[in-house]
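Engineer: 3D model of this:
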Amino acid sequence: MVDTLIKGGLIFDGTGSEPFEADIGISGDRIAFINKKAKVKSQSPSVTRRGEKSEVSANRVIDAKGLAVSPGFIDTHAHSEFTLLADHRAEGKISQGITTEIDGNCGLSAAPLYGEALKQREEDLMELGIVERWTTFKGYFDILGKGIALNFVTLVGHGNLRACVAGYEDKALNNNEIKKMQALLKEAIKEGAIGLSTGLIYPPGVYSTTEELINLFRPSSFILRPSRLIYTSHMRSEGDKLLESIEEIIRIGRKAGVNIHISHMKTSGKKNWHKIDNAISLIEEARREGIRITCDRYPYTAASTDLDTILPPWVYEGGMKEELKRLKSSEFQEKIKKEILYEYPEIEYWGNVNIASVSSEKNRWMEGKSIAYIARHEDSETVDIFLKILIEEKLRVSAIFASMNEDNLKRFLSLPYVMIGTDSSARSTSGPTYKGKPHPRGFGSFPRFLGRYVRDNGLISMNEAIHKITMLPAKTFGISKRGVLKKGAFADLVVFDYRKIIDRATFDKPFLKPEGIYYVFVNGLSAVWEGELTGINAGRILKHGR
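Structural biologist: The predicted model follows:
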């Protein structure tokens with residue numbers, strides 16, 4: 001007797017092996033069996049299969065003949081720590097088959113959160129309607145654990161550690177400050193975080209040194225050995241200094257003895273597209289040396305982040321209030337404009353920067369429009385309108401940057417150590433997360449990868465692709481008994497039509513759900529049934545990936 005029987009599907013078990021036809025039984029939150037010969041008699045009148053002899057009884061039966069059955073997809077790069085508190089449904093993630101996500105990326109995590117770190121996040125929390133406050137992961141997990149749609153794994157953000165200890169000052173840290181950060185990191189790992197992330201283009205991470213990052217992994221009293229932790233990085237540069245940035249992360253991995261992972265690996269900016277061969281060579285040479293290095297990537301050629309990342313790093317110092325003061329100062333404005341125009345002199349650049357979301361109603365019309373278009377509309381220079389938007393929106397504006405190459409994207413996606421990450425927060429089609437024109441990757445990454453790049457372009461085989469988004473990330477991030485279909489594993493599964501699966505979300509309509517995914521199970525319960533979201537919150541907080 002099982003709760004659900006998935007009958008006759010083509011099983012991609014996550015290992016990368018060739019698929020096979022079988023029945024899968026789910027009991028409670030686990031896979032009870034994988035059986036190539038089981039027959040079924042349902043105990044539910046609506047799904048009774050007449051004329052069959054019963055070897056297995058099931059409360060519900062899914063006829064999966066002609067469909068693929070795989071482990072639930074694992075999003076290796078998510079930013080849902082706050083949106084999941086505001087809206088636990090995570091419709092964009094669940095609808096594309098994601099059952100587990102890795103959060104706390106790019107140096108920003110849910111905890112620790114106090115002092116300057118909390119002040120910097122207050123606007124985000126208020127805008128999402130989050131009334132609770134916390135300082136540690138324990139406090140955060142107590143709130144998040146009340147119900148979420150998918151499984152949640154987190155890193156601890158280096159930006160959090162540094163901001164809690166030293167604020168947003170551009171300075172080298174002293175030994176006492178490093179020790180305080182080590183203590184906070186140890187506490188976060190003790191409470192369940194799986195490693196450390198950095199965002200080295202964002203404040204305060206942009207002010208850190210390589211030695212500071214290496215030193216964080218040096219305390220001997222960690223609850224987990226460094227070799228069992230992972231260090232992920234939004235590197236210092238993904239364009240002009242791409243190779244130097246890869247060398248830095250490799251050095252950290254070598255010196256600290258920690259597993260390393262490059263977030264959203266790319267060659268940004270046309271003048272840097274040619275660097276792909278050297279970038280891959282650096283990574284593969286390090287892998288041959290024995291350094292455990294992996295990467296993730298979303299299947300799009302446009303990136304998305306805060307609009308103010310265009311500013312020179314010195315403008316950020318002191319936090320958002322100080323940043324705004326500098327932008328409003330006529331003395332600093334001229335210096336800022338001069339540096340920006342030196343870095344981005346081409347008008348084409350501003351035509352590839354589109355506003356994704358603003359906080360004010362006044363500027364809502366700008367969403368989906370490029371800086372170049374807005375400048376023409378306002379009869380203004382591009383850099384002037386750029387600064388005006390930041391000031392009027394009090395820095396609370398995100399943008400989409402089209403700067404990458406399709407051939408390079410395909411090459412990265414084909415590499416055996418590159419996984420898929422949405423680089424997106426969990427959003428839904430209504431409620432507090434339904435706003436603006438965010439990057440379509442939040443609703444389309446995994447179906448786009450499997451449909452466009454694997455099935456249609458033949459980039460790699462479907463079984464290799466499933467391995468990339470299930471077992472490989474589970475192994476890389478230390479997630480136990482998930483990412484594989486076998487008896488006793490947790491019942492996170494996706495049933496989809498490999499002939500039809502495709503993304504529908506676009507930059508103009510980013511909240512469209514994908515096609516071809518019919519059933520999604522999270523810990524044995526159906527989050528999607530016959531193509532419709534059920535609203536069931538079966539997700540769990542997986543501390544240390546368990």
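
Engineer: distance-wise, check Glu317 relative to Asp124.
Structural biologist: For Glu317, the distance to Asp124 equals 20 Å [C-beta to C-beta, to the nearest Å]. (Glycine included, C-beta is placed from N, CA and C.)

Engineer: which one of the two has more residues nearby?
Structural biologist: Glu317 (18 against 15; other C-beta atoms under 10 Å).

Engineer: for that one, which residues are in contact?
Structural biologist: 168-170, 203, 207, 323 (C-beta atoms under 8 Å, 6 or more residues apart in numbering).

Engineer: need the helices for the stretch 351-500 of the chain, in chain order.
Structural biologist: Along the stretch 351-500 of the chain, the stretches classed as helices by DSSP state H, counting those that start in this stretch are 371-377, 382-392, 406-414, 441-448, 462-468, 471-476.

Engineer: which of those helices is buried the deepest?
Structural biologist: helix 441-448 (a mean of 28; mean count of other C-beta atoms under 10 Å).

Engineer: tell me the mean pLDDT for it?
Structural biologist: When pLDDT is averaged over helix 441-448, the result is 98.

Engineer: what does that helix contact?
Structural biologist: By C-beta under 8 Å, 6+ apart, helix 441-448 touches 73, 75, 92-93, 95-98, 298-300, 304, 420-427, 469, 501-505, 510-517.

Engineer: export it to PDB, keeping only CA atoms.
Structural biologist: What follows is helix 441-448, C-alpha atoms only, in PDB (Å, rounded to 0.1, in the frame of the first residue of the first chain):
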ATOM      1  CA  ARG A 441      14.600  33.400 -15.100                       C
ATOM      2  CA  GLY A 442      12.500  33.300 -11.900                       C
ATOM      3  CA  PHE A 443       9.800  31.400 -13.800                       C
ATOM      4  CA  GLY A 444      11.600  29.900 -16.800                       C
ATOM      5  CA  SER A 445      15.200  28.800 -16.100                       C
ATOM      6  CA  PHE A 446      14.900  25.100 -15.700                       C
ATOM      7  CA  PRO A 447      12.200  24.500 -18.500                       C
ATOM      8  CA  ARG A 448      14.300  26.700 -20.800                       C
END
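
Engineer: residues contacting Ala489?
Structural biologist: 30-31, 71, 481-482.

Engineer: let me fix that: Tyr498
Structural biologist: By C-beta under 8 Å, 6+ apart, the neighbours of Tyr498 are 10, 67-68, 450, 455, 462, 516.

Engineer: phi and psi next, for it.
Structural biologist: Torsion angles at Tyr498 (phi, psi; degrees, to the nearest 10) stand at phi -70, psi -10.

Engineer: go on, the one 10 residues further on?
Structural biologist: Per-residue torsions, Asp508: phi -80, psi -30 (degrees, to the nearest 10).

Engineer: so what's the residue count around Arg504?
Structural biologist: Residues near Arg504, counting by other C-beta under 10 Å: 16.

Engineer: and if you look at Leu144?
Structural biologist: Counted with other C-beta under 10 Å, Leu144 comes out at 23.

Engineer: I'd assumed Ala86 was in contact with it.
Structural biologist: No. Using C-beta atoms under 8 Å, Leu144 makes no contact with Ala86, being 11.2 Å away.

Engineer: so where do the helices sit in the stretch 151-300 of the chain?
Structural biologist: 158-166, 175-190, 210-215, 242-256, 276-289.

Engineer: what's the distance between Leu327 and Ile283?
Structural biologist: 37 Å.

Engineer: more neighbours, the two?
Structural biologist: Ile283 (23 against 19).

Engineer: is it true that the more buried one touches Cys295?
Structural biologist: Yes. Between Ile283 and Cys295 there is a contact under C-beta under 8 Å: 7.3 Å.

Engineer: overlap in contacts of the two?
Structural biologist: 262, 417.

Engineer: just to revisit the earlier point, who wins for most neighbours among the contacts of Glu317?
Structural biologist: Pro203 (26 neighbours).

Engineer: find the nearest non-adjacent residue to that residue, please.
Structural biologist: Tyr316 (3.8 Å; C-beta to C-beta, 6 or more residues apart in numbering).

Engineer: what number of residues lie near the one you found?
Structural biologist: 23.

Engineer: show me the contacts for it.
Structural biologist: Taking C-beta under 8 Å, 6+ apart, one finds 168, 202-203, 206, 308, 323 in contact with Tyr316.

Engineer: what of Leu184?
Structural biologist: So Leu184 contacts 112, 156, 160-161, 164-165 (C-beta under 8 Å, 6+ apart).

Engineer: any of the contacts of Ala489 buried? List them.
Structural biologist: Applying 16 or more other C-beta atoms under 10 Å to these, the neighbour count classes 31, 71, 482 as buried.

Engineer: what is the nearest of those residues to Gly351?
Structural biologist: Pro71 (41.3 Å; C-beta to C-beta).

Engineer: now do that closest one against Phe33, distance only.
Structural biologist: Distance from Pro71 to Phe33, by C-beta to C-beta: 16 Å.

Engineer: likewise Met462?
Structural biologist: 24 Å.

Engineer: and this protein, what are its domain boundaries?
Structural biologist: 2-66, 71-301+413-473+490-533, 306-402 (automatic domain parsing).
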